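Peer 1: Please find the sequence and the predicted model below.
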Amino acid sequence: MGETTRRFYWSRQLAIAGTYAACYLLLRSVSTSHWNLPAGLRLACLLLVPRRYWPALIVGEFIPVGYHAWICREEFGWHWALLTAIPPVAPLAIVVAWCQRRSRLFRGNHQINMIMLLGVTMSAGLLTAICNAAILTTVRMASQVVAPAVSAQVVFGYFLGNYLGALTLVPAVLALYLWLTESPGASSEATLWQSHLARDCVIGVLLPLFAFMGLVLSSHGDGMQVFRIAMFLPVVWLTSRHGWQGAALGGMLASMAVATTSTMVRDPEVIQAQALMAFAITTLLMLGSRIAHQTHSAHSSQADTLRGFQLAQQGLYLEELRLRQAADTLEHIGQSIRENHNRLLDRLRHVLPANEERAYSRQAALTQHEMHRLANALYPRGWRERGVPATLREGPFAQAVAMAGATYRCDLSGRRLSQLAPDVHMALYRLACEVLVYVLSRGQSQHIHLQVRGGHTGGQRWVVMRLVGRRGAPDGDATAPTAESWKQAMTLLGASGLGIASIRDRAQIYGGYVHLRDLADGLSVTLLLRDSLRAFPLHRGASA
């Protein structure tokens, strides 16, 4: 260890010892025999401060307790003074170290091992109570006054004071510590004080506690005790909303409120209320830990589900990009075939009869047309050039309806339709094709009416599509559709012929649903899609 490192280490030890001694004196000045806040200070420091700095804690506590033992040595005797000068943090450090070796206190994601925390807190209170009772037996009064006797009531008083003091500070300090360590930086303080928990503490706990304190101080007899006991009700409410963090902060405030209503030293009614408060805080901490665990599990499950949807959306998006690449390749191949064919005919024109040349040219044109049709089925050219609205009105979708021998009407509305993400546009078009094939396969529809509307509600963009197939054409001029017209439409659109269950599954990937309704003269399919499940923006180069 270098000289600079050694100096830094000892300066840190002195700083911790001095700070701990100052905090100890401050808390002891506001503590009572049945509400010992220094017990919470020493346990919180042992749980949070690294072990290499525990000697500083022992020295820091020795300063105030040693001074107190020195000034009272003549009154209570030297044996009492020597034992009192031993810092209580020293034996407690052994218990905490033993517990830390066998289990972890922090579990991440605002979760702690509540069983360990309450076990250490209760063990610390019991150990300190036994030590205090043992030291009390060594008291030798300077005058003829009889030394205080050690009884079960005295031991319970020591235990209650240390246990309630620890419950007042330790859980609240751990909650704040987790909050600050998980929100580092300059904005952590603003995040803490502007949070829902801080707001609920002020509005839902502090204000009712002030009201109960006023009622206690203005009441007499049994009414005072009733209002003291009622102070744990706001803590229950805060626990139900924020788990063990709410129980920790609310319990700290309620414990302080009960202590401030004391009108005499060792008020029996206050001690009873504090005992009940200790039991209530312990129960609420365990209940709050369970609530927080269930909430975390639910959030994790929901996050996994959303992540699965996001991965499915990204997979569909990448698949559409591959289809677009394949369509461009087919277009390029078709153009190359036509150019090579023309060059070959130019070289062989002088040896080929005119009728054979026309036949070869016609065959090359049909090949290029078939390549273009296949590329358009994979990824419509109108989609690439003018977007989904033009594709639905005039592209392969309208051609497929005409090929099926039905009339077609398309209504697009809503200003938010163009603001949907490109992959939602892709999903909308693909699902529209699948729904059209499904409707045509269910019966000989003579009129197809497609309605698409985009909107924005509560920060979410959405689109609703309704496709209605009716058997009676309104103008009566449409040709009768064939029974297999849906297969021709499926070939033209590049659809897969999905059933309604598969269409529902595809819609659920985008947070939507599908509603199927049988009409007297046809079939109606309504579909909703959302683009709010995305956690990161996808590439926007594939759609207009």
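Peer 2: On my side now, so go ahead.

Peer 1: Now do the helices for the stretch 51-200 of the chain: every range, in order, please.
Peer 2: For the stretch 51-200 of the chain, the helices defined by DSSP state H, counting those that start in this stretch cover 54-71, 73-76, 78-84, 89-102, 114-136, 152-182, 188-193, 196-200.

Peer 1: looking at those helices, which is closest to Val258?
Peer 2: helix 152-182 (9.2 Å; C-beta to C-beta). Placement of C-beta: from N, CA and C, glycine included.

Peer 1: mind listing what Thr128 touches?
Peer 2: By C-beta atoms under 8 Å, 6 or more residues apart in numbering, the residues touching Thr128 are Ala39, Pro88, Leu92, Tyr158, Phe159, Asn162.

Peer 1: If you count neighbours, what's buried in the helix or strand containing Tyr9?
Peer 2: Assigned by DSSP states H and E, Tyr9 falls within helix 3-29. Across helix 3-29, burial judged by 16 or more other C-beta atoms under 10 Å covers Gln13, Ile16, Ala17, Tyr20, Ala21, Cys23, Tyr24, Leu27.

Peer 1: mind checking how far Arg349 is from Ala359?
Peer 2: 13 Å (C-beta to C-beta, to the nearest Å).

Peer 1: Ok, Leu164 next?
Peer 2: The gap separating Leu164 from Ala359 is 102 Å, by C-beta to C-beta.

Peer 1: Name the residue in these two with the higher neighbour count.
Peer 2: Leu164 (29 against 12; other C-beta atoms under 10 Å).

Peer 1: what sits against Leu253?
Peer 2: If you count contacts by C-beta under 8 Å, 6+ apart, then Leu253 has Cys201, Val205, Leu206, Leu209, Val235 around it.

Peer 1: if you set the cut-off to 6 Å instead, what comes out?
Peer 2: Contacts here follow C-beta atoms under 6 Å, 6 or more residues apart in numbering; on that basis Leu253 touches Val205, Leu209.

Peer 1: what does the one 5 residues further on give?
Peer 2: Taking C-beta under 6 Å, 6+ apart as the contact definition, Val258 lies against Arg228, Met231, Ala273, Gln274, Met277.

Peer 1: In terms of helices and strands, where is it?
Peer 2: Going by DSSP H and E, Val258 is part of helix 233-260.

Peer 1: Measure how far that helix is from the centre of its chain, please.
Peer 2: The chain centre lies 23 Å from the centre of helix 233-260; the measure is C-alpha atoms, centre = their mean, to the nearest Å.

Peer 1: That helix: which residues count as buried?
Peer 2: Applying 16+ other C-beta under 10 Å to helix 233-260 flags 233-236, 238-239, 242-259 as buried.

Peer 1: related to what we said a few turns ago, wait, which of the buried residues of helix 3-29 is closest to Val65?
Peer 2: The closest of those, once distances to Val65 are taken by C-beta to C-beta, is Tyr24, at 8.2 Å.

Peer 1: Got the confidence number for that closest one?
Peer 2: With respect to pLDDT, Tyr24 scores 94.

Peer 1: Please determine how far it is located from Leu48.
Peer 2: Counting by C-beta to C-beta, the gap from Tyr24 to Leu48 is 16 Å.

Peer 1: same question, Val120
Peer 2: From Val120 to Leu48 the distance is 13 Å (C-beta to C-beta).

Peer 1: Neighbour count for these two, which is higher?
Peer 2: Val120 (24 against 13).

Peer 1: The more buried one and Trp98 touch, don't they?
Peer 2: No. The criterion here is C-beta atoms under 6 Å, and Val120 misses it with Trp98 at 9.6 Å.

Peer 1: tell me which element the residue nearest to Leu167 when sequence neighbours are not counted is part of?
Peer 2: Excluding its sequence neighbours, the residue lying closest to Leu167 (C-beta to C-beta, 6 or more residues apart in numbering) is Ile281, at 5.0 Å. Element membership for Ile281 (DSSP H and E) is helix 268-348.

Peer 1: any idea of the angle that helix forms with helix 114-136?
Peer 2: Angle of helix 268-348 versus helix 114-136, following axes from the mean of the first three to the mean of the last three C-alpha atoms, to 10 degrees, is 150 degrees.

Peer 1: On the C-terminal side of helix 268-348, identify the next helix or strand.
Peer 2: helix 354-378.

Peer 1: Where do the helices of the stretch 351-500 of the chain begin and end?
Peer 2: Taking DSSP H, counting those that start in this stretch as the test, the helices found in the stretch 351-500 of the chain are 354-378, 381-386, 388-394, 396-403, 422-442, 485-493, 500-509.

Peer 1: The last one: what's the following helix or strand?
Peer 2: Read it as helix 500-509. Counting by DSSP H and E, what follows helix 500-509 is strand 513-519.
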